[in-house]
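Participant: Coordinates for the following, if possible.
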Amino acid sequence: MAAQRIYSGEFWERIIDDAIENGVPESWQESIFDDEHPLVDAFVERLPDGARVLDFGCGLGRNALPLARRGFRVSACDVAEAGSRFTAERARGEGLAIEAVGCDGDSIAMGDESVDGFLAWSVLDHVTLADATSLTLEFARIARAGALLLVSIDEDKSKDPESVAEVLPDGTHRYTGGRREGMLFRPYTNKEILGLFAEGWERLVFEGADATVHRRGLFRRVR
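Facilitator: Numbering: from 1, shown residues only. So this is what the prediction gives:
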């Protein structure tokens with residue numbers, strides 16, 4: 001019998017619905033493309049003109065919209081469907097086209113070898129290790145040869161004094177009380193992060209000395 005899946009979709013639906021209803025917080029509007037960062041710049045500069053880019057875990061579109069403004073063909077998905085819908089609506093309001101695609105904890109509704117670039121920014125640390133492994137296999141399935149993946153893993157947020165969490169067998173923190181109730185966060189070692197992309201991906205850049213800071217990586221799909 002398959003193991004029961006640990007899922008945090010309801011938490012993100014609640015958070016995103018609240019942001020849409022009460023106003024998007026300023027911090028949720030800040031894009032990684034707003035400031036110069038060598039790794040982000042390298043990702044954009046290496047993408048071919050008109051590339052298909054998937055913003056996986058798009059939230060409310062803070063990164064998908066700048067990519068669309070740069071002329072890329074952007075698809076956006078989020079475990080909270082309200083987020084991808086809102087992102088697509090914001091794009092239409094600017095005369096841009098962003099495709100909202102379905103996704104959950106281990107599958108993405110896109111065809112094989114259909115994507116030139118992926119953005120997974122502060123996403124894989126909010127699922128279990130099993131789901132992160134499944135998602136990286138999905139990235140590999142829909143990636144064209146040479147596709148780029150820009151990934152960020154957050155620092156350990158599990159010590160938030162306002163929230164209560166239990167630690168699952170795989171090391172994932174599942175919040176059971178406080179403002180993060182229902183959220184998942186998994187602290188990663190560098191070895192674990194690199195292990196997710198050990199097969200079929202070439203590491204171009206990896207930043208972050210330890211698990212107390214943001215770890216960021218740029219990988220390329222090889223076949």
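Participant: low-confidence ranges in this protein?
Facilitator: 1-4, 105, 156-162, 209-213 (pLDDT under 70).
Participant: if you set the cut-off to 90 instead, what comes out?
Facilitator: 1-10, 22-30, 34-38, 103-107, 154-165, 177-180, 187-190, 207-215, 223 (pLDDT under 90).
Participant: For it, which segments count as helices?
Facilitator: 9-22, 38-46, 64-69, 81-93, 129-142, 190-196 (DSSP state H).
Participant: Tell me what angle the lengthiest strand in the chain forms with helix 129-142.
Facilitator: Looking across the chain with DSSP state E, the single longest strand is strand 143-153. Per axes from the mean of the first three to the mean of the last three CA atoms, to 10 degrees, the angle that strand 143-153 makes with helix 129-142 is 150 degrees.
Participant: Which other helices and strands does strand 143-153 contact?
Facilitator: In terms of contacts (3 or more CB pairs under 8 Å, 6 or more residues apart in numbering; DSSP states H and E), strand 143-153 is packed against helix 38-46, strand 115-121, strand 215-221. C-betas here are computed from N, CA, C, even on glycine.
Participant: Need the distance between the two termini of stretch 199-214.
Facilitator: Using CA to CA, to the nearest Å, the end-to-end distance of stretch 199-214 comes to 23 Å.
Participant: quick one: contacts of stretch 134-146?
Facilitator: Residues from elsewhere that reach stretch 134-146, judged by CB atoms under 8 Å, 6 or more residues apart in numbering: 54, 56, 105-108, 110-116, 118, 120, 124, 127, 149, 196-197, 200-201, 220-223.
Participant: Dig out what the spatially most central residue of the chain forms beta bridges with.
Facilitator: Centroid check for the chain by CA atoms, centre = their mean gives residue 120 as the closest residue, at 3.0 Å. Beta-bridge pairing for residue 120 (DSSP bridges): residue 151.
Participant: Could you measure from it over to residue 89?
Facilitator: According to CB to CB, to the nearest Å, residue 120 and residue 89 sit 23 Å apart.
Participant: same question, residue 127
Facilitator: 26 Å.
Participant: out of those two, which sits in the busier spot?
Facilitator: residue 127 (24 against 13; other CB atoms under 10 Å).
Participant: Measure how buried the residue lying closest to residue 51 once chain neighbours are set aside is and give me the count.
Facilitator: Among residues not flanking residue 51 along the chain, residue 116 sits closest, at 3.7 Å (CB to CB, 6 or more residues apart in numbering). The tally of other residues near residue 116 (other CB under 10 Å) stands at 22.
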